[in-house]
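Enquirer: could you work out the structure for the sequence below:
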Amino acid sequence: MVFLHTRIPVLAALAGLAVIAYALLGTAKGRPHDKAMKNLAITFRTFMDLSAFLGVVLVFTNFGFNPDLGMHIVLMLLATAVSHVVPSVMRRRRQQDRTLLPYAVATAISLGLAVGGVLVVPGVHG
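Expert: Numbers count the residues shown, from 1 in each chain. I've put the predicted structure just below:
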């Protein structure tokens, strides 16, 4: 379980970087919002959800839980919440009002919170 909880965020980071790259390139080229952007955002959000779920399972099973992980839990749950914001907002907008740049911004914020969440784990940064 710990193995999955430490590896899934790597997939989330890769998906997040793909979202940022696609959104920035699409914005630069003037591309409209499309299904590929939606699918990339859903992939990123799913990996974030899976990582958060595995973390919650680890907390409730008390498997190697360290009380010093409180800030890690808070930052990772915030990162997961941020990963849900833009796809939810875009789903409610008309197709012609949807843009790509908010995906890049929200994903960058989410990844920043996730990196902060990893760095506050005792012993991770040396």
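
Enquirer: okay, now the unreliable bits of this structure?
Expert: Within the chain, the segments meeting pLDDT under 70 span 1, 63-65, 125-126.

Enquirer: determine the longest helix present in it.
Expert: For the chain, the helix reaching the highest residue count under DSSP state H is reported as helix 2-29.

Enquirer: I'd like the distance between H72 and G123.
Expert: Distance from H72 to G123, counting by CB to CB, to the nearest Å: 12 Å. Yep, even glycine has a C-beta here, placed from its N, CA and C like the rest.

Enquirer: neighbour count: the two, which is higher?
Expert: With neighbours defined as other CB atoms under 10 Å, H72 and G123 compare such that H72 has more, 19 against 7.

Enquirer: residue contacts, the more buried one?
Expert: The neighbourhood of H72, defined by CB atoms under 8 Å, 6 or more residues apart in numbering, consists of G117, V118, V120, V121.

Enquirer: identify the residue spatially nearest to the residue located most distally from the centre of the chain, adjacent ones excluded.
Expert: Of all residues in the chain, Q96 has its C-alpha farthest from the mean position, at 25.5 Å, by CA atoms, centre = their mean. Distances taken as CB to CB, 6 or more residues apart in numbering place P32 nearest to Q96, at 8.0 Å, with adjacent residues excluded.

Enquirer: same check on P9?
Expert: With CB to CB, 6+ apart as the criterion, P9 has its nearest non-adjacent residue at 4.9 Å, and that residue is S51.

Enquirer: check which helix or strand covers the closest residue to D68 other than its chain neighbours.
Expert: Leaving out its chain neighbours, the residue that sits closest to D68 by CB to CB, 6+ apart is P122, at 5.0 Å. Here P122, judged by DSSP states H and E, is contained in no helix and no strand.

Enquirer: got phi/psi on P122?
Expert: Reported as degrees, to the nearest 10, the phi and psi values for P122 are phi -60, psi 130.

Enquirer: and it, how many neighbours?
Expert: Residues contacting P122 under the criterion other CB under 10 Å number 9.

Enquirer: look up how far M76 lies from it.
Expert: In this view, P122 and M76 are 15 Å apart by CB to CB.
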